[in-house]
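Visitor: please find the sequence and the predicted model below.
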Amino acid sequence: MPAVRQLCPRCLASFEGARGSVCASCASLDARRTAGAMDTLTPGAASPAPRASARISAAPSAEGRAASWLRAELAEAREWCREHSPWWRLALWAYIAWTVARHVQSDESYRSVFDGLNFGLHELGHELFQPLGPWLHVAGGTLTQLAAPWIGLLMFRRQGDWFGVSVAISWLATNLFGIAVYMGDARARELPLASPHVGVVSGEEARGLIGHDWEYLLGHARLLHLDTALAAGVHTLAVVTMALGLTMGAALLVGMWRARCSAH
């Protein structure tokens, strides 16, 4: 079969090869993993026969399994850094860092480029969950805008794109920032509300036209009096999540830069 130009299903890089195959970088990574697995399976010197009274070793603990999983993930991330460039990813990381600084420092509700996407997902969620009853119809907006970054994270991880994973974590944080602002407005209802059916409405005018998600949800849970306290907790979670995404992204950028330096 003649070679064709296609995208690698793992890293989405363009390459020439047979359909269904992977690019040279991913094929090389698979070969190294296979070689490492074979090394661990190679029998060494025969060990003496165990005594009848010897104890059977216990299965690895949960902590041991978690540590082994973490070491494997870190090893794969380091390998990924050797094969990718940091430069355009540095620009994206810098923008995300600037975004979180604005979210944390601004007294008003700061809007980043992510907010348009988040709002669209929120409204789509209302439509998707509408057949499932009034409570899920209202909650569906928040559920969908939180689910989307998680789906993106899992997709990036499946493709082996570690920097994409860090961006998905930061994207999740921007949703949490927006949810915190919306939640804290449940009783006051001072924020302008938007709906694809009505448009943007604010103040008392919105009460008869657009429902407030968190006034409804917290009211039904009898937690409306805790709206600002709960919003503060979500805001703190957003800061922690964004710090995790930025820290992971920075570590990957450093790894890519060091790999470039060592190659030269």
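Guide: Yep, that arrived. Model, not experiment: these values are computed from the prediction.
Visitor: okay, and residue 21 sits in which element?
Guide: For residue 21, there is no host helix or strand (DSSP states H and E).
Visitor: skipping adjacent residues, who's closest to it in space?
Guide: In space, and not counting its chain neighbours, residue 21 is closest to residue 27: 7.5 Å by C-beta to C-beta, 6 or more residues apart in numbering. Every C-beta, even on glycine, is put in place using the N, C-alpha and C of the backbone.
Visitor: and the nearest residue to residue 213 once chain neighbours are set aside, how many neighbours?
Guide: Leaving aside its chain neighbours, residue 213 sits nearest to residue 138 (5.3 Å; criterion: C-beta to C-beta, 6+ apart). Under the neighbour criterion other C-beta atoms under 10 Å, residue 138 is assigned a count of 21.
Visitor: any idea how far residue 248 is from residue 138?
Guide: Per C-beta to C-beta, to the nearest Å, residue 138 is found 33 Å from residue 248.
Visitor: what residue ranges in the chain score low on pLDDT?
Guide: Low-confidence segments of the chain (pLDDT under 70): 1-15, 18-20, 32-60, 104-111, 196-209, 263-264.
Visitor: longest helix of it, counting residues only.
Guide: When the chain is scanned for its longest helix (criterion: DSSP state H), the result is helix 227-263.
Visitor: name the helices or strands packed onto that one?
Guide: Counting contacts by 3 or more C-beta pairs under 8 Å, 6 or more residues apart in numbering; DSSP states H and E, helix 227-263 is packed against helix 62-82, helix 87-105, helix 162-184, helix 213-220.
Visitor: shouldn't residue 80 be in contact with residue 162?
Guide: Yes. Using C-beta atoms under 8 Å, residue 80 is in contact with residue 162, at 5.0 Å.
Visitor: and these two? which has more neighbours close in?
Guide: Legend: neighbour count by other C-beta under 10 Å for residue 80 and residue 162, higher for residue 162 (23 against 20).
Visitor: torsion angles phi and psi at residue 194?
Guide: According to degrees, to the nearest 10, the main-chain angles of residue 194 amount to phi -130, psi 150.
Visitor: same question, residue 187
Guide: Torsion angles, degrees, to the nearest 10, at residue 187: phi -90, psi -40.
Visitor: and it, how many neighbours does it have?
Guide: Applying other C-beta under 10 Å, we find 16 residues neighbouring residue 187.
Visitor: do you know how far the residue lying closest to it once chain neighbours are set aside is from residue 140?
Guide: Distances taken as C-beta to C-beta, 6+ apart place residue 227 nearest to residue 187, at 5.5 Å, with adjacent residues excluded. Using C-beta to C-beta, residue 227 is found at 20 Å from residue 140.
Visitor: cool, and residue 170?
Guide: Counting by C-beta to C-beta, the gap from residue 170 to residue 140 is 24 Å.
Visitor: thinking again about what came up before, please point out which parts of the longest helix of the chain sit buried.
Guide: 227, 230-231, 234-235, 237-239, 241-242, 245-246, 248-249, 252-253, 255-256, 259 (16 or more other C-beta atoms under 10 Å).
Visitor: returning to that earlier point: what's the residue nearest to residue 187 in contact with, if anything?
Guide: Residue 227 makes contact with 183, 184, 185, 186, 187, 214, 218 under the criterion C-beta atoms under 8 Å, 6 or more residues apart in numbering.
Visitor: what of residue 226?
Guide: Applying C-beta under 8 Å, 6+ apart, the residues contacting residue 226 are residue 218.
Visitor: residues near residue 63, how many?
Guide: Neighbour number of residue 63 under other C-beta under 10 Å is 8.
Visitor: and the one 10 residues further on, by the same measure?
Guide: Using other C-beta under 10 Å as the criterion, residue 73 is surrounded by 12 other residues.
Visitor: check residue 100 too.
Guide: 22.
Visitor: distance of residue 125 relative to residue 212?
Guide: In terms of C-beta to C-beta, residue 125 sits 16 Å off from residue 212.
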